[in-house]
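>>> Pasting the sequence and the predicted coordinates here, then a few questions.
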Amino acid sequence: DGGITQSPKYLFRKEGQNVTLSCEQNLNHDAMYWYRQDPGQGLRLIYYSQIVNDFQKGDIAEGYSVSREKKESFPLTVTSAQKNPTAFYLCASSRAVVLGLTEAFFGQGTRLTVV
Amino acid sequence: GEDVEQSLFLSVREGDSSVINCTYTDSSSTYLYWYKQEPGAGLQLLTYIFSNMDMKQDQRLTVLLNKKDKHLSLRIADTQTGDSAIYFCAERARGSQGNLIFGKGTKLSVKP
């Protein structure tokens, strides 16, 4: 079954710790994205990557970092510099933008809570 | 800048039609999308419409697009309790990024 997998589903972080959220896709998609969802805020773009070894900041990149060493994988690290990290994080992937319709497929999300 | 606006809540009775409205700002958007999110889950693509179309129908779903007013709507016929979810309207960001710009989502509550 083709799809996009996020892990873990729930994650707890202590103040001052870095944590890494995993996102893997087997859809052969070139582009991958990380969004943050807060209640009543919709989805806000953190980082995106259109090709391996390249990524760009989105609207709220401060306190986050990513890597794209493999086409299938786009992990997100929430660093201690992110002052309010408690949120629901969604990873998505899509075909290359130049192909037109960029229907995005989403993972099931990771709920991060600071304790 | 680009922005997508939706009302936050809609409540309907089971069996009625639901209409969720959305306005967007980027007149160059080629595709517009509707996504559904159930509690604690990711987003699921429901349907999309190409900008040269006025209407698209897919079973119980009807999408209407008014390009002049930059208005998009999603009609769900014979709404069921299983349709209770948050519905997001989205347009693709201008330029080459490819990411989608989402509205804040409309929470649809279906009462039996």
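Nice, thanks for sending it over.
>>> what about B:Gln80, how many neighbours?
B:Gln80 has 12 neighbours, counted by other C-beta atoms under 10 Å in any protein chain shown. All C-beta spots, glycine's among them, are computed from the backbone N, C-alpha and C.
>>> Where is the longest strand in chain A?
In chain A, taking DSSP state E as the definition, the longest strand is strand A:42-51.
>>> if I look at B:Ala93, how far off is B:Gln6?
17 Å (C-beta to C-beta, to the nearest Å).
>>> Of these two, which one has the most company?
Applying other C-beta under 10 Å to B:Ala93 and B:Gln6 shows that B:Gln6 carries more neighbours, namely 24 against 21.
>>> Touching, the more buried one and B:Trp34? I think so.
No: the pair B:Gln6 / B:Trp34 is not scored as a contact, 10.4 Å apart, by C-beta atoms under 8 Å.
>>> which residues do these two both contact?
Common contact partners of B:Gln6 and B:Trp34 (C-beta atoms under 8 Å, 6 or more residues apart in numbering or on different chains): B:20, B:87-89.
>>> how about stretch B:66-75: buried residues?
For stretch B:66-75, the buried set under the neighbour-count rule, 16 or more other C-beta atoms under 10 Å in any protein chain shown, comprises B:70, B:72-75.
>>> So which residues make contact with that stretch?
Stretch B:66-75 has contacts (C-beta under 8 Å, 6+ apart) with B:17-25, B:27, B:32, B:34, B:46-47, B:49, B:51, B:54, B:61-65, B:87, B:89.
>>> List the buried residues in stretch B:12-21.
B:12, B:18, B:20-21.
>>> Can you pull out the low-pLDDT segments for chain B?
Along chain B, segments meeting pLDDT under 70 span B:1-2, B:94-98.
>>> who in it is up against chain A?
B:8, B:30-31, B:33, B:35, B:40-45, B:48, B:88, B:92, B:96-100, B:102-105 (C-beta under 8 Å from any C-beta of the partner chain).
>>> Can you flag the buried ones in these?
B:31, B:33, B:35, B:41-43, B:48, B:88, B:92, B:97-100, B:102-105.
>>> Could I get the pLDDT score of A:Leu101?
Looking at A:Leu101, its pLDDT is 63.
>>> What parts of chain A come near chain B?
Checking chain A against chain B by C-beta under 8 Å from any C-beta, the hits are A:6, A:31, A:33, A:35, A:40-43, A:45, A:48, A:50, A:56, A:58, A:90, A:92, A:94, A:96-97, A:100-109, A:111.
>>> Apart from its neighbours in sequence, what residue is nearest the spatially most central residue of chain A?
Taking C-alpha atoms, centre = their mean as the criterion, A:Trp34 is the residue nearest the geometric centre of chain A, at 2.7 Å. Distances taken as C-beta to C-beta, 6 or more residues apart in numbering or on different chains place A:Ile46 nearest to A:Trp34, at 4.3 Å, with adjacent residues excluded.
>>> State the distance from that neighbour to A:Val52.
A:Ile46 is 19 Å from A:Val52, by C-beta to C-beta.
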